[in-house]
Structure formats: structure tokens, C-alpha cells
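**Q** following is a predicted model, sequence given first.
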Amino acid sequence: MIRTLALVILTALPLPRLCAAQDMLPFTSQESATDFQPLPLRQIVRMVTARYAGRPVAIDMQLPTDSETALGTQLVYQVRLLTPDRNLLDIRLDARNGRFLQVSGRGQLQARSAASKR
């Protein structure tokens, strides 16, 4: 009797709506979420090594900062590059088009000029 009553009460209660996967995406509109295609990692590595001498030691995908979102960026590749002078550069690129958003770290100019000499 009590089990039946509890079952009736539980089925009558409104259940909270579970958040759909598309509600959690960081995209501005539904159509941009379906059209989004990030560049492949090998293409990102080629772009970075064409501009800076060194080798990538880590690549992460991250959500954009507020200033990057204002530029229309939806997803960011963050590449850590070890330069020939053993400096680490943190390079942030737009995952959709490969645009360089930010480069930080010591030895940027040396790594860039070394890449242009190749």
C-alpha cells in the first residue's frame, strides 16, 4: 500500500528538466554550433612551426577568454612551444581559422627570426 502510494506521488511530481547537451555549448547560436569545425591538430602545428622555430610540447583546447570571445572566437588551441634556446612560448590560436590570438613567453623575437631563416 505504501509503495503504491509512494509510486503514485513520485510520478505526479514534476521532474526537473535535464540540461540538454546543446544547452551547455559555448556557442552563440544553434546554427553556429552545428557548423563549427575546428582545424586539425597537424594543421595547427604546421602554422605554429612556420611562424616560430621550435617544437610543440603540449596542445590543449580551451574556452576563449572574454576578450577572445569579443573577437568571435568560440574555441582556442593553446600550444606550448619549446624554442631552440630552450624557452617556452604559450601560443593561443582560434580553433576555427588558426588566427594567432596571443603569444607569450621569453624569446619570441629570437624564435620568430630563427623560423624566418629556415
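**A** Noted; the coordinates are in hand.

**Q** show residues contacting stretch 99-112.
**A** With C-beta atoms under 8 Å, 6 or more residues apart in numbering as the test, stretch 99-112 has contacts from 51-54, 64, 68, 71, 73, 76, 81, 83-85, 87-94. Quick note: C-beta positions are derived from backbone N, CA and C, even for glycine.

**Q** which among these count as buried?
**A** 52-54, 64, 68, 73, 76, 81, 83, 89, 91-94 (16 or more other C-beta atoms under 10 Å).

**Q** between these, which is closest to residue 113?
**A** Nearest to residue 113 among those: residue 53, at 8.4 Å, using C-beta to C-beta.

**Q** quick one: the strands in this protein?
**A** Using DSSP state E, the strands of the chain run over 55-62, 76-82, 88-94, 100-104.

**Q** point out where this protein drops to low pLDDT.
**A** 1-34, 118 (pLDDT under 70).

**Q** so which residues of it form helices?
**A** Applying DSSP state H to the chain gives helices spanning 2-12, 30-35, 41-51, 66-70, 108-117.
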